[in-house]
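1. sequence first, predicted model second:
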Amino acid sequence: MEKGSNPAIEERKDSVQTKGETKMQLKCNTDSVAGCVSQRACVYCGARVVLNPITDAIHLVHGPIGCASYTWDIRGSLTSGADLFRFSFSTDLQEMDVIFGGEKKLTRAIDDLVEKYHPPLIFVYSTCIVGVIGDDLEAVCKEASRKHGIQVIPVQSSGFIGSKSAGYKAACDALMRLIEPPPGEIIEQDKTINYLGEFNLAGELWIIQNYLKEIGIDINVALTGDSRFETLKLASKACLNIVQCAGSMIYTAEQMKERFGIPYMTVSFIGIEDTSESLRRIAQTFLDPEMMHRTEELIQEKTAAIAPEIAFYRSKLQGKKAAIYVGGGFKAISLIKQFRELGIEVVMVGTQTGRQEEYETITDLVKEGTVIMDDTNPSELEKFILEKEADLLVGGVKERPLAYKMGIAFIDHNHDRKHPLSGYAGAVNFAEEVYATVCSPVWKYRSIMTAGEKEEKP
Amino acid sequence: MSIQKENYRNVSENPCNMCMPLGGIIAFKGIEGSMTLLHGSQGCATYMRRTISEHYEEPIDVASSSLNEKGTVFGGEDNLKKGLDNVRLLYKPKMIGVLTTCLAETIGEDIGGITGRYLQDRGLTDLPIVNVSTPGYGGSHSEGYWHTIYRIVSSLACDRTSHSKINVIVPHISAADLREIKRMLREMDLDFTLLPDYADTLDAPYSKPYKKIPDGGTKLEDIRRMPGAKATLEIGLTVEDAQSAGKYLETEFGVPLFRVPLPVGIESTDIFFDTLKIISGKAITDEITRERGRLLDGMFDSHKYNFLGRAVIFGEPEQVYAATRLCLENGIHPLIIATGSRSKKLEQLLHLEIAKTNSATHGYDEKFIIMGDTDFAHILEKSKELNVNLAIGHSEGKILTERADIPLVRYGFPIIDRVGGQRMVSAGYQGSLSFLDRLTNTLLENKYRNYRQTMYGKYYSVSAK
Ligand code: SF4
């Protein structure tokens, strides 16, 4: 095995570095290297992640069945009303459609769905082959909108046109078409705010919504967690956009700023420190001393309430080492801080789609010797987990079995989780999960390879 | 008996199947030292790895040629070659499987040509590359699985030198079922080549240090020598001739082919052992006979409970056929038999099966519905209509529980909302009994949960009024 932070593949050398060893910029936001077993998904996936939580929309995948199968109800976004978004619709393209084109089939599919479900909104996602066979999605959707009097929005998410981030952008384009008021209509601004890049996984939106309500701020609409056609239509009435998952929704924030003059700020509700800090910064924009006061009170009260629990977990976890491999940069940054709150040091951190400025923040935050990487693969994960002697890995479904096979703890930080990790409530859940996995009795057997062997001294 | 057939629909609602390359990945996982590369865009590989990982709880490393816009327009040869280079460097595989995806097929990539040139360019003489055309739109994962096995055999099997082993070709079943089949073959004192053998690669024991390519799998040398085998036992009645590796070995090399159903249930398991007896001339052991007796004993014990069962069965054709037979021989009514695949064979087999049952003394008077190439929107609708009280199939059937309160006994692939799908035994006499117990107990649980309330609602209110 090669030493240091050098991956085995020459082309990956600039995408991996160790803090303190190298000074150049980390290479990111590029295509995955062929044959490297990237953990990244595709454009369609990125677009679907962003739009999927819109609860009363039909999400129709124009393409072969697989793309739709693999994304059927795999995310943990919750709804307070409609649940049409949990169904998987696909035009299930066949060989004949590939040869003769799928436009007619798409039109008929939309007709059928409108008749059966009467949705106010349909998103039509294009997949790899649609981009190649050249179906005119735009035209079909336009005609369907006209015919049925509802909004049918194409999402240009052909898999090969880029990585997951390209899909975020495609979704943001689709959202802007939705948000844009009809010509002539003026939407008055009020004192509410929008919450961008929040997908209401396991009710996370609701948790933050409650905090904000307590300090006197109402959320107009979240993009896109638990949102509906009607509420999204009024997105431009907010006076501020707060952006959580910046990787996915910064485009929309930028566009809304330009188009409607709505300012935005990035926030994070992962971990105690970030939650408190975000609440403060949001409240500050309202220039209301009374509100600031309520905010401080809330922070005080909530932090105090969970302090004993956090202290308990900290006492158990102090000194452990964590490796992080997650989708976006904001999450990685918050996780580094959150681990610190628990006395855990991060020794390896990477993301699938982190942006340059996020990697700079990460580099500032971590200690010397920490490995930082973009778009990594199982071989590198394994190598650095071993070298850095990590006790746990944070990641998604694909990374989990690798951690367990290596005999280390694992934290699920993906979109299909069933428990919230946001806000103060989420901070406790997170600490509890880390404790549950790191301190599980099972690990004491990891060095005993056969009956009769004695347990190693730790 | 009635048959509902749907050959055309405009939209699929909640799919019951996955796409071809996924089946191919699983087949390649069963070959020793092999690594798989998907020629297409990055996302396909990631989705499939994710789904397989969730079921098997194993790291599923599948490379992708990560085609981008340029590769799509000008051809993906460079990407594919670079991908192969990197796979060799990172994994040092003994064999590489290259599967196509929708994208590669649509742009008309000639993978045979590319991989051939690649081996020549790099001067590689001892690294087999098996390429398989698996357009996602060409069929379900089930077809992808069979077709890949066919391609593995037709690309690698060449040595006619005769030996004493038999070839055993298996459908996509749990890793534990593979182990059970191996145990039964050993119990019968047979020497065999099992293909594909992912019993250890997709259900690897914890060991140190971690291995990127886990131990196990069918040996390449054994595959090479399949033409010299005494016979081929192909487990799978639904496989089409054109996709059948057993058929290939028979036509090309004259290896006698014995096709049997998946040994689930008493009749199919009897056929399995009977065939082994014919092939080997060896007697069935006492141990196996005792196992059979235990299954019968269990069937008699629970037959009355099973008669309450009104089942919907769905999944890959071979599994669906197996579960249907198990139901039929135990008095569970398989009212809806569904698959997302397009399988003419399954339909024919089911006709025979049901006709047989109808003519028997304990004939069912219910109607059965067979649904091919279907989706869960249809399955759900029919299940409600026919008052189904038991669902048998993979995890996606959870929608039946959620929307119609029908309990789901998980069987097949994928099982992603429960642990242990890979460890579930349903084959052989012992496995069948544990499968049957799972079905019976689900019916019982339902009964105990509801009977007080049902009786109260049915009778009390009437007399009290
Ligand atoms: S259906 Fe085609 S494009 Fe979709 S995941 Fe399968 S192979 Fe890839």
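-> Perfect, I can see it now.
2. got the contact list for A:Cys245?
-> Taking Cβ atoms under 8 Å, 6 or more residues apart in numbering or on different chains as the criterion, A:Cys245 is in contact with A:196-199, A:328, A:330-331. For every residue, glycine as well, the C-beta is placed using N, CA and C.
3. take these and keep only those in strands.
-> If you go by DSSP state E, the contacts of A:Cys245 have A:196-198 in strands.
4. most neighbours, which of these?
-> Counting neighbours by other Cβ atoms under 10 Å in any protein chain shown, A:Leu196 leads the ones in strands among the contacts of A:Cys245 with 31 neighbours.
5. closest residue of chain A to chain B?
-> Nearest residue of chain A to chain B: A:Cys42, at 2.2 Å (Cβ to the nearest Cβ).
6. so that residue versus A:Val50, what's the distance?
-> Separation of A:Cys42 from A:Val50 (Cβ to Cβ, to the nearest Å): 13 Å.
7. which neighbours do those two share?
-> A:Gly167.
8. hmm, back to that, which of the contacts of A:Cys245 has the weakest pLDDT?
-> Note: of the contacts of A:Cys245, the lowest pLDDT belongs to A:Gly328, at 83.
9. which residue is the nearest non-sequential neighbour of that one?
-> The shortest distance from A:Gly328 to any non-neighbouring residue, by Cβ to Cβ, 6 or more residues apart in numbering or on different chains, is to A:Gly247 (3.9 Å).
10. neighbours of the one you found, how many?
-> 24.
11. over to B:Glu381?
-> 12.
12. mind exporting the one helix or strand it maps to as CSV, just the C-alpha atoms?
-> Assigned by DSSP states H and E, B:Glu381 falls within helix B:376-385. Taking Å, rounded to 0.1, in the frame of the first residue of the first chain, the C-alpha atoms of helix B:376-385 are listed here in CSV:
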residue,chain,number,x,y,z
PHE,B,376,-47.8,-2.4,-8.0
ALA,B,377,-50.7,0.0,-8.8
HIS,B,378,-52.4,-3.0,-10.5
ILE,B,379,-51.3,-5.5,-7.9
LEU,B,380,-52.7,-3.3,-5.2
GLU,B,381,-56.0,-2.7,-6.9
LYS,B,382,-56.6,-6.4,-7.6
SER,B,383,-55.5,-7.4,-4.1
LYS,B,384,-58.1,-5.2,-2.6
GLU,B,385,-60.8,-6.4,-4.9
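13. quick check: buried residues in that helix?
-> B:376-380, B:382-383 (16 or more other Cβ atoms under 10 Å in any protein chain shown).
14. the strand or helix carrying B:Arg259 pairs with which strands, and in what direction?
-> B:Arg259 belongs to strand B:257-260 when assigned by DSSP H and E. Sheet pairing for strand B:257-260, assigned by DSSP bridges, gives strand B:232-235 (parallel).
15. avg pLDDT for the partner strand?
-> Averaging pLDDT along strand B:232-235 yields 98.
16. any idea which residue of the stretch 51-200 of chain A lies closest to the ligand?
-> Closest residue of the stretch 51-200 of chain A to the ligand, Cβ to the nearest ligand atom: A:Gly66 (2.6 Å).
17. so that residue touches B:Ala45, yeah?
-> No - using Cβ atoms under 8 Å, A:Gly66 makes no contact with B:Ala45, being 11.5 Å away.
18. quick one, which of A:Cys42 and A:Val50 is more surrounded?
-> Taking neighbours as other Cβ under 10 Å, A:Cys42 and A:Val50 compare with A:Cys42 leading, 31 against 27.
19. that one - nearest residue in space that isn't next to it in sequence?
-> Closest to A:Cys42 by Cβ to Cβ, 6+ apart is B:Gly43, at 2.2 Å.
20. contact partners for that neighbour?
-> A:40-45, A:67, A:128, A:159.
21. could you report the distance from it to A:Asp31?
-> To A:Asp31, B:Gly43 is 13 Å away according to Cβ to Cβ.
22. mind listing the strands for the chain?
-> Going with chain A. Taking DSSP E as the criterion, chain A contains strands spanning A:16-18, A:57-62, A:89-90, A:121-126, A:151-155, A:193-198, A:219-224, A:240-243, A:264-266, A:321-326, A:345-351, A:371-374, A:392-395, A:409-412.
23. correction: the question concerned chain B.
-> In chain B, the strands defined using DSSP E lie at B:12-13, B:34-39, B:62-64, B:95-100, B:129-132, B:166-169, B:192-195, B:232-235, B:257-260, B:310-314, B:333-338, B:369-371, B:390-393, B:408-410.
24. so where's chain A shaky on pLDDT?
-> Counting by pLDDT under 70, chain A contains low-confidence residues at A:1-6, A:22-24, A:455-458.
25. typo on my end, it should be chain B
-> Chain B contains residues with pLDDT under 70 at B:1-8, B:358-366, B:461-465.
26. in the chain, which helix is the longest?
-> In the absence of a named chain, chain A is used. Longest helix in chain A by number of residues (criterion: DSSP state H): helix A:289-317.
27. not quite, I wanted chain B
-> The residue-count maximum for a helix in chain B (DSSP H) belongs to helix B:428-455.
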